[in-house]
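> Quick check, what structure comes out for this input:
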Amino acid sequence: MEKRLEEFYKEEKKKDEERAKLLQRSYDRIAWLRLIVFLGAVVLIYLGLTERPGKELYLIGGILCFIGFLVLIRLHDGIEKKQRLLAAREAVVDAYPARFGTGWRDFSDDGSKFLKKDDTVARDLDLLGPGSLYQMISICQSAYGKWRLADVLLDPYSVIDDRENRQEAIRELSEKPEFLMNYESVVRQAFVTGRKHPVRDDDKRRAGNAYKPGKIRFRSWMGFLMAFVPLMNIAVIVGILIGLIQPAWILVSFLVGYCVTAGCKEKLDAETKGIFSSEMTSGQVYPIFQTIQKEEFTSGKLRSIRERVVGNDGMMMAQKKLSHLADLKNLDYNPVVGMLLTGFAGWDFFLAFMAARWDRLHGAAFAGSFDIVAELEELGSLAVLSIVRPTCTPVLDPEEQGLHFKELSHPLLDPETVVANDADLDSPLTILTGSNMSGKTTFLRTVAVNLVLSYIGAGAVAEEFRTGYRKLFTSMRVQDDVAGGISTFYAEILRIKEMSEYIRSGKQVPALCLIDEIFKGTNSADRIVGAEEALKRLSVNGGMVIVSTHDFELCALKQANGAPAENRHFEESYEDDKLVFDYKMKDGPCTTRNAKALLTLAGLMESEVAADHVNE
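Numbers count the residues shown, from 1 in each chain. Model prediction:
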């Protein structure tokens, strides 16, 4: 499946390269034609404004050429939009092959800005940050979409009640790779670098739709000046044509119109900034909604999203009208055209009038557009995982007390080399032993990250994955806090204290505690005694603990009810002076150690290690 998809993206890349060449040819032809027509308009208008036979025809011809010039600008802008969309699409297509391996680690957006110091689970599991799940799967281009994806990864419990609907939608999107590619392309093209993202009123950290309908006002004095500027210029042109005034008066009327309009521009911009100041209100979203409109969905959640776009509330029409309005606004960005429209037509007054009219007729329907774009970005990002990795639909059974999986693997490891594991873990306490680098820590992270994926409706990277709903706690990458006077050992104590307090509180949702190298920051005697007491406290009241350790003494640990802990291990072999790991979890405690072997391989011990190493 993955190989077929890789070929699909390669073929799409070739098609896009051919499209880019054709668009560039069209772009160049219209650019030359636009220049010729503009020069023709200048010459004809000049001839029409000077005394000569047939000057009226010259002037009319010049005006027609100028109108043709405006039409060519629109055509040119249309091709430029297609080029930007194609460039965005090329970036999207290039990203997918990188996700099939490990090239995604070079993606610039890794979600680090959303991480807080106390997001310990996210840091332990690489949910956000460099080399993270966010970095690999995110197709989000809008600021709000990025926040939504980060938020659901940081707090997977927030969407647990909607998990089944999300699961259905994410699974359907994973079966629509072409739609996801097209959707990301149009969103990427709309939310280009340099544009200001809207900000929600409730939280300045979170992007959102800042537009509020009914706030754009078109005052009576604006209406008077909107009529005055073009009528003044028309009167002057008519006067010149019938010989009442000299042609030079057209320059006077143009300057008057330009000064009047430019003098009011700051006030006009202040009234219309809700529409023209950001991506969501600049007409860029209409192509995104068109992409949604063209696609048919079967899952309830996706059908609801599409209905909100194309339904009777007018959101699609609001976007279409706004797109046309944005195209008119874009004429301002051409310095020559903008200056002429300002002086002769009072263009900013017309834009303010049309913006106020749009706000009155379509503003209410527009509200919520940003949320739709972001929601599809978030769901689509989670669907990407099932495109680039083999996944299953996880079963989350409230009655299930254990963890059961087949061919479970870590989504961030290279699928060509990753080793999958099977297990049925039912004991409240599992002791995981094994030598250095044998796979203990990776296994803990593999279980945890797939658990998070199952909570948020995504696929688990496994052949089968079944579990109950548990509150996840981790103690893996524990760091000291020099400024706060907290050692690594005490920092770990605080984490395990949090687990213990949660379990002791008798919460309805049982805990799953994943602890890597428990109490490694203290001496072995205190570590063993402390670990025994802590693990007994964590494996009660429905709590479940999986702990990795080098202390074989813990293998004989009994739970609070007197039942023995379950033992699993990873091991290695020593072949031809090399350590060989199979990364497969096995029953029982570990019987080998490799510290001396690693020291020997590093040149820090003599080569007598082999005898000390195997079955030590």
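
> Now the closest residue to Arg19 other than its chain neighbours: which helix or strand?
Closest residue to Arg19 apart from its sequence neighbours, by Cβ to Cβ, 6 or more residues apart in numbering: Leu86 at 5.8 Å. For glycine as for every other residue, the C-beta is placed from the backbone atoms N, C-alpha and C. Element membership for Leu86, per DSSP states H and E: helix 55-100.

> picking up where we left off before, now do the contacts for the residue nearest to Arg19.
Asp16, Arg19, Ala20, Leu23 (Cβ atoms under 8 Å, 6 or more residues apart in numbering).

> so where's the stretch 451-600 of the chain uncertain?
By pLDDT under 70, the low-scoring segments of the stretch 451-600 of the chain are 480-486, 521, 523, 576-577, 592-600.

> Could I get the full set of strands for it?
464-467, 471-475, 511-516, 544-549, 566-570, 572-575, 578-581, 586-587 (DSSP state E, counting those that start in this stretch).

> who wins for proximity to Lys329 among these?
Among the strands of the stretch 451-600 of the chain, strand 471-475 comes nearest to Lys329, with 48.9 Å by Cβ to Cβ.

> Remind me what that closest one packs against, helices and strands.
helix 120-125, helix 440-455, helix 488-504, strand 511-516 (3 or more Cβ pairs under 8 Å, 6 or more residues apart in numbering; DSSP states H and E).

> To Ala352, which of those lies closest?
That would be helix 120-125 among those, by Cβ to Cβ, at 46.2 Å.

> Is the residue nearest the centre of the chain in a helix, a strand, or coil?
The chain has Cys140 as the residue nearest its centroid, 2.2 Å off, counting by Cα atoms, centre = their mean. Taking DSSP: H, G, I helix; E, B strand; the rest coil as the rule, one finds Cys140 in the coil state.

> for it, phi and psi?
phi -70, psi 130 (degrees, to the nearest 10).

> I'd guessed it sits against Ser381; true?
Yes: with contact defined as Cβ atoms under 8 Å, Cys140 counts as touching Ser381 (6.0 Å).

> Overlap in contacts, these two.
Leu149.

> tell me which element the nearest residue to Leu133 once chain neighbours are set aside falls in.
Sequence neighbours aside, Leu127 is the residue nearest to Leu133 in space, at 5.2 Å (criterion: Cβ to Cβ, 6+ apart). Per DSSP H and E: Leu127 is located in neither a helix nor a strand.

> show me what contacts Leu127?
Contacts of Leu127 by Cβ under 8 Å, 6+ apart are Val121, Leu133, Tyr134, Leu153, Leu154, Val449, Val452.

> confidence score at it?
For Leu127, the model assigns a pLDDT of 97.

> Buried residues, stretch 311-330. List them.
Buried residues in stretch 311-330, counted by 16 or more other Cβ atoms under 10 Å: 315-316, 318-323, 325-326, 328-330.

> Doesn't Phe218 lie inside a helix?
No: under three-state DSSP, Phe218 falls outside any helix and is assigned coil.

> Now do the helices in the stretch 101-250 of the chain.
120-125, 133-137, 143-154, 163-174, 177-190, 220-241, 249-276 (DSSP state H, counting those that start in this stretch).

> Between these, which one is closest to Ala367.
Of all the helices of the stretch 101-250 of the chain, helix 249-276 comes closest under Cβ to Cβ, at 11.5 Å.

> so whatever helix or strand comes next after the closest one versus helix 177-190, what angle?
Once helix 249-276 ends, the next helix or strand along the chain (criterion: DSSP H and E) is helix 286-294. Taking axes from the mean of the first three to the mean of the last three Cα atoms, to 10 degrees, one finds that helix 286-294 is oriented at 160 degrees with respect to helix 177-190.

> CA atoms only: put helix 286-294 into CSV for me.
Taking C-alpha atoms only, helix 286-294 is exported to CSV below (Å, rounded to 0.1, in the frame of the first residue of the first chain):
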residue,chain,number,x,y,z
TYR,A,286,-13.4,30.5,-1.3
PRO,A,287,-11.1,28.1,-3.2
ILE,A,288,-10.8,26.1,0.1
PHE,A,289,-14.6,25.9,0.3
GLN,A,290,-14.8,24.9,-3.4
THR,A,291,-12.5,22.0,-2.6
ILE,A,292,-14.8,20.9,0.2
GLN,A,293,-17.9,21.4,-2.0
LYS,A,294,-16.6,19.1,-4.8
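
> What is the distance between stretch 460-471 and the centre of its chain?
24 Å (Cα atoms, centre = their mean, to the nearest Å).

> Identify the residues contacting it?
Residues contacting stretch 460-471 (Cβ under 8 Å, 6+ apart): 157, 160, 385, 389-411, 420, 450-451, 453-455, 502, 507, 509-512, 544.

> Spit out the contact partners of Arg308.
Contacts of Arg308 (Cβ under 8 Å, 6+ apart): Met315, Gly368, Ile372.

> And these, which is the shakiest by pLDDT?
Lowest pLDDT among the contacts of Arg308: Gly368, 73.

> shouldn't that residue be in contact with Met315?
Yes: at 7.3 Å, Gly368 counts as touching Met315 under the criterion of Cβ under 8 Å.

> so what's Gln189 scoring on pLDDT?
82.

> With Glu608 instead?
With respect to pLDDT, Glu608 scores 52.

> okay if I get the helices of the stretch 101-250 of the chain as a markdown table plus mean neighbour count?
Putting those into a markdown table (neighbours: other Cβ atoms under 10 Å) gives the following:
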| stretch | mean neighbour count |
| --- | --- |
| helix 120-125 | 22 |
| helix 133-137 | 25 |
| helix 143-154 | 23 |
| helix 163-174 | 20 |
| helix 177-190 | 22 |
| helix 220-241 | 16 |
| helix 249-276 | 17 |
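
> For Gly457, grab phi and psi.
In terms of degrees, to the nearest 10, the main-chain angles of Gly457 are phi 90, psi 0.

> ok, the residue nearest to it when sequence neighbours are not counted - contacts?
If the residues on either side of it in the chain are set aside, Gly457 comes closest to Arg166, at 3.0 Å by Cβ to Cβ, 6+ apart. With contact taken as Cβ under 8 Å, 6+ apart, Arg166 is in contact with Val159, Lys301, Leu379, Leu382, Ile456, Gly457.
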